[in-house]
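Participant: Fold the following.
(one chain, ligands or ions: 2)
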Amino acid sequence: MQTYSFQPTVEYARQLDQEDVLAHYRNEFYIKPDSIYMDGNSLGLLSKRAEKSLLEVLADWKELGIDGWMEGKHPWFFLPETLAKLSAPLVGASAEEVIVTGSTTVNLHQLVASFYKPEGKRTKILADELTFPSDIYALQSQLRLHGFNPETHLIRVKSRDGRLLEEEDLIAAMTEEIALIILPTVLYRSGQILDMKRLTDEAHARGILIGFDGCHSVGAIPHAFSEWDVDFAFWCNYKHLNGGPGSVGSLYVNRKHFGTLPGLAGWFGSKKDKQFDMEHLLIPADTAGAFQIGTPHILSLAPLIGSFEMFQEAGIERIREKSLQSTQYLMDLIDFELEDYGFIIGNPREEKRRGGHVSLEHKEAARICKALKEYGVVPDYRAPNIIRLAPIALYNTYEEVWKVVQILKNIMAEKLYEQYSNERNVVA
Ligand SMILES: Cc1ncc(COP(=O)(O)O)c(C=O)c1O
Ligand SMILES: Nc1ccccc1C(=O)C[C@H](N)C(=O)O
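Facilitator: Ligands and ions are numbered 1, 2, ... in the order given. Reported below is the predicted structural model:
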């Protein structure tokens, strides 16, 4: 890639597209004509390879029935492990430390049930006030199961500005009353990346275990969970990883914790060769596979085969490089074109603190999003005032980014958003 040096012209967007080493991946996705999809951070688009692997698994079911478990093109019995091997490099882990299973919220429940061990004064869980609500609900219910009051035992670190979290504030809250810390890798609204290494070091220096919710980072930025010595993590595969609505999620358990009994046990956590002995004594896998519960959702795993292959081929470093450049380009265009219209860029500007989406704030955000949809752009809205825009490295072009800003400028200049109510729809 040439050095990036912002110019506002469409010719410059086209030049960036010509230099884009990942450009050919766009043809591998189903892209709706006359629509610009900027929502791959919420639900990634379908790729032809994901469709193909799903159809292959369906064909195995059609042909083989029960024998698909061991004899299919992608033997179902090992699919969570096969997919773990393909995706472990995305989080900087070994294959055994990852398993593709459950969903984000279920995996959080499993990991808290396994690693939250209140003892003496150390009984509280530390999280933050900006985290995704499902995580908070899960933590509150886990505390209740242990007989604690979430009001006193779930500590939510405050944000100074309602957008970002300061690592110092998180560290200051790591007191001797904290047994476990759960934080996002990337915040779902502002797109801020937390310094996972620093937070892990500080937690461990105080004898606290730490786990991360990687929903908004895995597939968008590189991670080094094992090198950073993170205790555990969990994430979904339907956003940046394009696994399809409700596709199976993933979890990571640091190998130093192998052997920890799963808090929520089930027979798919067994050692593979023991599972069908059907003994009433669980012999757990000696890998992250131990944290599986029941039968894998094979049809919701299948698209991940094709999708993960693409990530392996494209490489997360190249994906991050393009993502950084296209979000920078988007911010530069916003600064240049939309100065007069009351927008605030709410994500951090520094490369090492920003994830894969731009968080654009405006008091009319809900209806600006409705107008964007009407004019062919798919953004997403997060109440009360955020428009999230994610140029995705594998399928969005720089010219699309350029067009999005032109469309937005027209919506603002002509006040086209005024035709809509400034309220969210049922799903965002
Ligand atoms: C950061 C974060 N955590 C948790 C969830 C919940 O995931 P799921 O509904 O797949 O359990 C989401 C998205 O839905 C999310 O963005
Ligand atoms: N699971 C969903 C189902 C329906 C609509 C959106 C979602 C999301 O994942 C939203 C996303 N977690 C977010 O960051 O807002």
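
Participant: show me the contacts for the closest residue to ligand 2 within the stretch 251-400 of the chain.
Facilitator: Proximity of the stretch 251-400 of the chain to ligand 2 (Cβ to the nearest ligand atom) peaks at R382, 6.2 Å away. For glycine as for every other residue, the C-beta is placed from the backbone atoms N, C-alpha and C. Applying Cβ atoms under 8 Å, 6 or more residues apart in numbering to R382 gives the contacts 188-189, 388, 428.

Participant: What subset of those residues is buried?
Facilitator: Neighbour-count burial (16 or more other Cβ atoms under 10 Å) applied to the contacts of R382 gives 188-189, 388.

Participant: now those residues in CSV, with secondary structure, distance to H280 and pLDDT?
Facilitator: CSV is the format used below for the buried ones among the contacts of R382 (DSSP: H, G, I helix; E, B strand; the rest coil; distance: Cβ to Cβ, whole Å; pLDDT from 0 to 100):
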residue, secondary structure, distance to H280, pLDDT
Y188, coil, 42, 98
R189, coil, 46, 98
R388, strand, 48, 98
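
Participant: filter these down to the ones close to ligand 1.
Facilitator: Near ligand 1, judged by Cβ under 6 Å from any ligand atom, the entries from the buried ones among the contacts of R382 are Y188.

Participant: Looking at the buried ones among the contacts of R382, spot the one nearest ligand 1.
Facilitator: Among the buried ones among the contacts of R382, and counting by Cβ to the nearest ligand atom, the member closest to ligand 1 is Y188, at 4.6 Å.

Participant: That closest one contacts G214, doesn't it?
Facilitator: No: with contacts counted by Cβ atoms under 8 Å, Y188 stays clear of G214, the gap being 11.4 Å.

Participant: got the contacts of R382 as TSV, with distance to K256 columns?
Facilitator: Shown next, in TSV, are the contacts of R382 (distance: Cβ to Cβ, whole Å):
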residue	distance to K256
Y188	29
R189	33
R388	36
A428	39
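
Participant: what's the distance between the spatially most central residue of the chain and C369?
Facilitator: Compute the mean C-alpha point of the chain, and by Cα atoms, centre = their mean the closest residue is C215, 2.1 Å away. Separation of C215 from C369 (Cβ to Cβ, to the nearest Å) stands at 21 Å.

Participant: Repeat that for D273.
Facilitator: Separation of D273 from C369 (Cβ to Cβ): 52 Å.

Participant: Return the residues in contact with the residue of the stretch 201-350 of the chain found nearest ligand 2.
Facilitator: Closest residue of the stretch 201-350 of the chain to ligand 2, Cβ to the nearest ligand atom: C215 (6.0 Å). In this structure, C215 makes contact with 104, 132, 184, 186, 188, 235-236, 239, judged by Cβ under 8 Å, 6+ apart.

Participant: Try it again at 7 Å.
Facilitator: Applying Cβ atoms under 7 Å, 6 or more residues apart in numbering to C215 gives the contacts 104, 235-236, 239.

Participant: Same check on Y4?
Facilitator: By Cβ under 7 Å, 6+ apart, the residues touching Y4 are 325, 328.

Participant: Quickly note the distance from the one residue in the stretch 101-250 of the chain that gets nearest to ligand 2 to E177.
Facilitator: The stretch 101-250 of the chain approaches ligand 2 most closely through Y188 (3.9 Å), counting by Cβ to the nearest ligand atom. From Y188 over to E177 the distance is 27 Å, taken as Cβ to Cβ.

Participant: Wasn't V106 part of a helix?
Facilitator: Yes: per DSSP: H, G, I helix; E, B strand; the rest coil, V106 lies within a helix segment.

Participant: Count residues in the vicinity of it, would you?
Facilitator: 16 (other Cβ atoms under 10 Å).

Participant: Go back to the contacts of C215 and keep what's next to ligand 1.
Facilitator: Applying Cβ under 6 Å from any ligand atom to the contacts of C215, one finds that 104, 236 fall near ligand 1.

Participant: sec struct for F212, please.
Facilitator: Secondary structure, three-state DSSP: F212 is strand.

Participant: Now it. Nearest residue, chain neighbours left out?
Facilitator: Using Cβ to Cβ, 6 or more residues apart in numbering and skipping residues adjacent in sequence, the residue nearest F212 is A233, 4.4 Å away.

Participant: chain center to the strand or helix carrying that neighbour, what's the gap?
Facilitator: Assigned by DSSP states H and E, A233 falls within strand 232-235. How far strand 232-235 lies from its chain's middle: 10 Å, per Cα atoms, centre = their mean, to the nearest Å.

Participant: Can you name every helix or strand that it contacts?
Facilitator: Here strand 232-235 touches helix 104-115, strand 209-213, strand 250-253, going by 3 or more Cβ pairs under 7 Å, 6 or more residues apart in numbering; DSSP states H and E.

Participant: Dump that strand to CSV, restricted to CA.
Facilitator: Provided in CSV are the C-alpha atoms of strand 232-235 (Å, rounded to 0.1, in the frame of the first residue of the first chain):
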residue,chain,number,x,y,z
PHE,A,232,-10.3,-16.5,29.5
ALA,A,233,-12.4,-14.8,26.8
PHE,A,234,-15.6,-15.3,24.9
TRP,A,235,-17.1,-13.8,21.7
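
Participant: got the buried residues for it?
Facilitator: Going by 16+ other Cβ under 10 Å, strand 232-235 has these buried residues: 232-235.

Participant: could you redo those residues as a markdown table and give each row distance to A365 and pLDDT?
Facilitator: Converted to a markdown table, these look like this (distance: Cβ to Cβ, whole Å; pLDDT from 0 to 100):
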| residue | distance to A365 | pLDDT |
| --- | --- | --- |
| F232 | 34 | 99 |
| A233 | 30 | 99 |
| F234 | 29 | 99 |
| W235 | 26 | 98 |
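
Participant: any chance of the residues you listed in JSON lines, plus distance to N422?
Facilitator: Below are the buried residues of strand 232-235 laid out as JSON lines (distance: Cβ to Cβ, whole Å):
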{"residue": "F232", "distance to N422": "40"}
{"residue": "A233", "distance to N422": "37"}
{"residue": "F234", "distance to N422": "35"}
{"residue": "W235", "distance to N422": "32"}
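
Participant: can you count the residues close to A113?
Facilitator: Neighbourhood size, A113 [other Cβ under 10 Å]: 18.

Participant: Run through the residues that contact the closest residue to it other than its chain neighbours.
Facilitator: The shortest distance from A113 to any non-neighbouring residue, by Cβ to Cβ, 6+ apart, is to G263 (2.5 Å). Contacts for G263 (Cβ under 7 Å, 6+ apart) come out as 110, 113-114.
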